[in-house]
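Chemist: quick one, structure for this:
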Amino acid sequence: QVQLVESGGGSVQPGGSLRLSCAASGGTIHYYSMGWFRQAPGKEREGVACITSTDGRKLYADSVKGRFTISRDNAKEVVFLQMRDLKPEDTAVYYCATAEVRGSTWSEGSTSYDLRGQGTQVTVAS
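Modeler: The predicted structure is shown next:
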């Protein structure tokens, strides 16, 4: 069974950078569109970035455009999220998951074949 494990979270000051990784084991994620999602305490879960399986198209939430970059290395079964110019409002648990993409919008996959990692904490504070 394919499992997703995130790493790279931590605490940084505003303006700092972090690079999150989502590594798949036990199978391949080549055929999945993959997304990064986040959830802060008391807030709804939101999609941060997504990269499609077919053409590598990248989609971003408006709140992170120009600051975050999603990428994937299919050979290594890893999806990355490079985060720059971090802000306190970026503080959340970030997790990767397989995604459903419709046009320019995406959401976390909801079928029995979809996957989600356990998450990694990102804290941005002075």
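
Chemist: spit out the contact partners of the residue lying closest to Leu4 once chain neighbours are set aside.
Modeler: Among residues not flanking Leu4 along the chain, Gly117 sits closest, at 3.7 Å (CB to CB, 6 or more residues apart in numbering). C-betas here are computed from N, CA, C, even on glycine. Contact analysis of Gly117 by CB atoms under 8 Å, 6 or more residues apart in numbering lists 3-6, 22, 95-97.

Chemist: so Gly117 versus Tyr32, what's the distance?
Modeler: According to CB to CB, to the nearest Å, Gly117 and Tyr32 sit 13 Å apart.

Chemist: before we move on, the earlier item: what about burial for the contacts of Gly117, which qualify?
Modeler: Buried members of these, scored by 16 or more other CB atoms under 10 Å, are 4, 6, 22, 95-97.

Chemist: A helix includes Pro14, no?
Modeler: No - the assignment for Pro14 is coil, going by DSSP: H, G, I helix; E, B strand; the rest coil, so no helix is present there.

Chemist: so who does it touch?
Modeler: Contacts of Pro14 were listed using CB under 8 Å, 6+ apart, and they are 86-88, 124-126.
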